[in-house]
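Peer 1: sequence and predicted structure below; questions after.
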Amino acid sequence: MKTHALRPVSARLFALALIAAVAAVAALPDTAWAQGYRYGHYQKNMAFGNEAERDLADDILARNPDAVTLQEVNRDNDKLLAMIAGAYPSQHFCMFKGIGGVAVASRWPLVEGSAQCLRPLGATAIQVQMPEGLTWVISVHLETRDKPRHARQAARLGATLAQMQGPMIVGGDFNDTPQSDPVRNVADGAGVSRIGKAITTRRVGGVLGVPIDFVFATGGAGTVAQLPLLGSDHYGLWADFTMRR
């Protein structure tokens with residue numbers, strides 16, 4: 001069999017092609033690399049007095065999110081947590097003065113000793129073992145914007161989250177617009193990015209739609225969709241995203 005050495009011109013062409021391929025890959029947008037595990041997250045302010053727990057529980061179970069963040073959970077509607085406990089055994093609930101109960105749940109294993117109430121900051125946190133590693137899931141409820149404590153609460157919460165180690169998913173009712181200083185303080189402190197565009201989660205006077213509920217994640221990139229009211233005055237949010245850790 002006759003063999004041939006690689007001709008010099010062919011070697012040069014091969015090298016140029018390789019360089020071009022590497023450059024093309026380097027020029028791809030970040031989203032081209034977001035091929036990891038896709039997370040589903042369910043965010044919901046239940047509203048005090050919500051009597052549609054069964055409908056909400058059924059919706060959560062049907063969508064099968066990785067985690068759930070809930071606000072305004074009280075003795076009138078906290079049956080929901082028991083309704084989803086079989087599929088979401090990792091749970092933690094905290095009661096806060098003024099804003100009521102704040103809860104978080106996940107279908108992934110709980111890291112022992114991680115569950116905590118971030119007092120008096122209106123946040124509940126657990127760390128769970130998700131497919132890509134240990135992840136904090138944090139439910140947040142800020143005071144309404146008209147109260148002086150609103151901005152202070154957000155600033156202190158941001159500083160507290162900055163001290164927590166590891167990737168985070170943060171969902172909640174922030175009672176403010178996405179570009180406001182309080183929302184930015186929490187997101188910047190946690191080092192998280194908002195998932196998707198800001199969409200209406202509450203209607204003022206039944207007419208004006210405002211975005212005040214959000215889902216954030218470490219290196220988060222994805223989409224967010226509005227979910228039904230299901231007995232609440234807040235629309236739920238469904239976030240579908242990847243994380244860059």
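Peer 2: Okay, I see it.

Peer 1: can we go C-alpha only for contacts and neighbour counts from here?
Peer 2: OK.

Peer 1: which residue sits closest to Val210, ignoring its sequence neighbours?
Peer 2: Nearest residue to Val210, sequence neighbours excluded (CA to CA, 6 or more residues apart in numbering): Thr200, at 4.9 Å.

Peer 1: okay, now the unreliable bits of the chain?
Peer 2: 1-35 (pLDDT under 70).

Peer 1: which parts of it are strands?
Peer 2: 39-45, 67-73, 90-96, 100-106, 116-118, 123-130, 133-141, 168-173, 193-194, 202-204, 208-210, 213-217, 221-226, 237-242 (DSSP state E).

Peer 1: the fifth one: which residues count as buried?
Peer 2: Buried residues in strand 116-118, counted by 16 or more other CA atoms under 10 Å: Cys117, Leu118.

Peer 1: would you convert the strands of the chain into a markdown table that also reports distance to Ala151?
Peer 2: As requested, those are arranged in a markdown table below (distance: least, CA to CA, whole Å):
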| stretch | distance to Ala151 |
| --- | --- |
| strand 39-45 | 20 |
| strand 67-73 | 19 |
| strand 90-96 | 17 |
| strand 100-106 | 18 |
| strand 116-118 | 16 |
| strand 123-130 | 15 |
| strand 133-141 | 12 |
| strand 168-173 | 14 |
| strand 193-194 | 19 |
| strand 202-204 | 20 |
| strand 208-210 | 19 |
| strand 213-217 | 16 |
| strand 221-226 | 26 |
| strand 237-242 | 24 |
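
Peer 1: Glu51: which of the ones you listed is closest?
Peer 2: strand 67-73 (11.4 Å; CA to CA).

Peer 1: tell me the gap between the closest one and the middle of its chain.
Peer 2: Centroid separation for strand 67-73 versus its chain: 11 Å, with CA atoms, centre = their mean, to the nearest Å.

Peer 1: show me what it is packed up against.
Peer 2: Packing contacts for strand 67-73, counted by 3 or more CA pairs under 8 Å, 6 or more residues apart in numbering; DSSP states H and E, involve strand 39-45, strand 100-106, strand 133-141, strand 168-173.

Peer 1: could you dump those to JSON lines with mean neighbour count and distance to Asp233?
Peer 2: Below are these laid out as JSON lines (neighbours: other CA atoms under 10 Å; distance: least, CA to CA, whole Å):
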{"stretch": "strand 39-45", "mean neighbour count": "24", "distance to Asp233": "8"}
{"stretch": "strand 100-106", "mean neighbour count": "25", "distance to Asp233": "15"}
{"stretch": "strand 133-141", "mean neighbour count": "24", "distance to Asp233": "15"}
{"stretch": "strand 168-173", "mean neighbour count": "28", "distance to Asp233": "12"}
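
Peer 1: out of those strands, nearest to Lys147?
Peer 2: strand 133-141 (13.4 Å).

Peer 1: so that closest one versus strand 168-173, what angle?
Peer 2: 20 degrees (axes from the mean of the first three to the mean of the last three CA atoms, to 10 degrees).

Peer 1: coming back round to it: ok, now which ones touch the residue nearest to Val210?
Peer 2: Gly209, Val210, Pro211, Ile212, Gln226, Tyr235 (CA atoms under 8 Å, 6 or more residues apart in numbering).

Peer 1: any idea which of these is closest to Gly36?
Peer 2: For the contacts of Thr200, the nearest to Gly36 is Gln226 (23.9 Å; CA to CA).

Peer 1: fine by me, we can end here.
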